[in-house]
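# sequence? don't have it. structure:
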Ligand code: OOG
Ligand code: NI
């Protein structure tokens, strides 16, 4: 690990966070409620993309490899038609990275054509800069196109509205002073007025799979479509508690069955 790549990584996450809180007003409130003046350590940050050039998963992961990250897990989501990978860094103060991509060819020709039109707007040279990862949309779809995508894939619709950005940051409950359990974190959040994602239960996973996760339902913010403005779900905050797989060694991977439900944090609340 070079200190050059580590300091570049810290600068990257500062910029990514500044972008994320613009569409996630509740993120700063999460820090106030849980942090009470302490720094919050993030377990991981998640990104979404499409499996088509020039923005497929492998095209984006080069930025993390440049920062010193290495790949350490592959995940498949058959029903949602997604695949994902996770990356880790030798510097424990840097968050893990979870990147998924939509398997576009498995959807209808109509969805494929809307997505291809979106991706065609991207300048391939822009993808080669790390700041592409928080560059947002490079296109504008109509509200009807958004609805059409939503009918087939909530993920595709979310991408059409928000593009490239941090989908969520994740509080590391292991490193959160004052809380021993994920239940107590969830209770504090609910008492403070947050709505948790209840898909598959508020707590996804267990000590048996070495990872417990929960998340807020995404904030809802106004988005300007090509024809009109509409209020839709943006980004959320996740909470993760990891368990030891060996003495003094926490599990560093993800759990596909739990992740499958975390994806639903950007569904509409009702
Ligand atoms: C990613 C959902 C999965 C996790 O920690 O399991 C995930 C997403 O919603 O893009 O973040
Ligand atoms: Ni996550």
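Yep, it's here. These figures come from a predicted structure and were not determined experimentally. Ligands and ions are numbered 1, 2, ... in the order given.

# and the closest residue to ligand 2 within the stretch 151-270 of the chain, which of the three is it?
Residue nearest to ligand 2 within the stretch 151-270 of the chain: residue 238 (4.6 Å; C-beta to the ion). Every C-beta, even on glycine, is put in place using the N, C-alpha and C of the backbone. Three-state assignment for residue 238 (DSSP: H, G, I helix; E, B strand; the rest coil): strand.

# could you list every helix and strand in contact with the longest helix seen in the chain?
Counting by DSSP state H, the longest helix found in the chain is helix 3-23. Helix 3-23 is packed against helix 26-35, strand 42-50, with contacts defined by 3 or more C-beta pairs under 8 Å, 6 or more residues apart in numbering; DSSP states H and E.

# ok, for whichever residue of the chain sits closest to ligand 1, nearest residue in space, not its chain neighbours?
Ligand 1 sits closest to residue 259 of the chain, with a gap of 3.1 Å, by C-beta to the nearest ligand atom. By the measure of C-beta to C-beta, 6 or more residues apart in numbering, the closest residue to residue 259 outside its immediate chain neighbours is residue 75, 6.3 Å from it.

# surely the one you found is in a strand?
Yes - assessed with three-state DSSP, residue 75 lies in a strand.

# show me what it is bridged to.
residue 84 (DSSP bridges).

# residues contacting the nearest residue to residue 79 once chain neighbours are set aside?
Spatial nearest neighbour of residue 79, excluding adjacent residues (C-beta to C-beta, 6+ apart): residue 260 at 7.5 Å. Each residue near residue 260 by C-beta atoms under 8 Å, 6 or more residues apart in numbering is listed here: 77, 79, 80, 200.

# CSV for those, including pLDDT, neighbour count and distance to ligand 2?
Output for the contacts of residue 260, formatted as CSV (pLDDT from 0 to 100; neighbours: other C-beta atoms under 10 Å; distance: C-beta to the ion, whole Å):
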residue, pLDDT, neighbour count, distance to ligand 2
77, 98, 18, 13
79, 98, 6, 18
80, 98, 17, 14
200, 95, 14, 14
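
# thinking again about what came up before, mean confidence score for the helix or strand hosting the residue of the chain closest to ligand 1?
In the assignment (DSSP states H and E), residue 259 maps to helix 256-262. Here helix 256-262 scores 98 as its mean pLDDT.

# wait, residue 82 sits on residue 263?
Yes - counting by C-beta atoms under 8 Å, residue 82 touches residue 263, with 7.5 Å between them.

# show me what from the protein comes close to ligand 2.
46, 238 (C-beta under 5 Å from the ion).

# so where's the chain shaky on pLDDT?
Within the chain, the stretches with pLDDT under 70 are 1-4, 270.

# can you map out the strands along it?
Assigned by DSSP state E, the strands in the chain fall at 42-50, 70-77, 82-88, 96-102, 168-172, 204-206, 211-215, 220-224, 229-233, 236-242, 244-246, 249-250.
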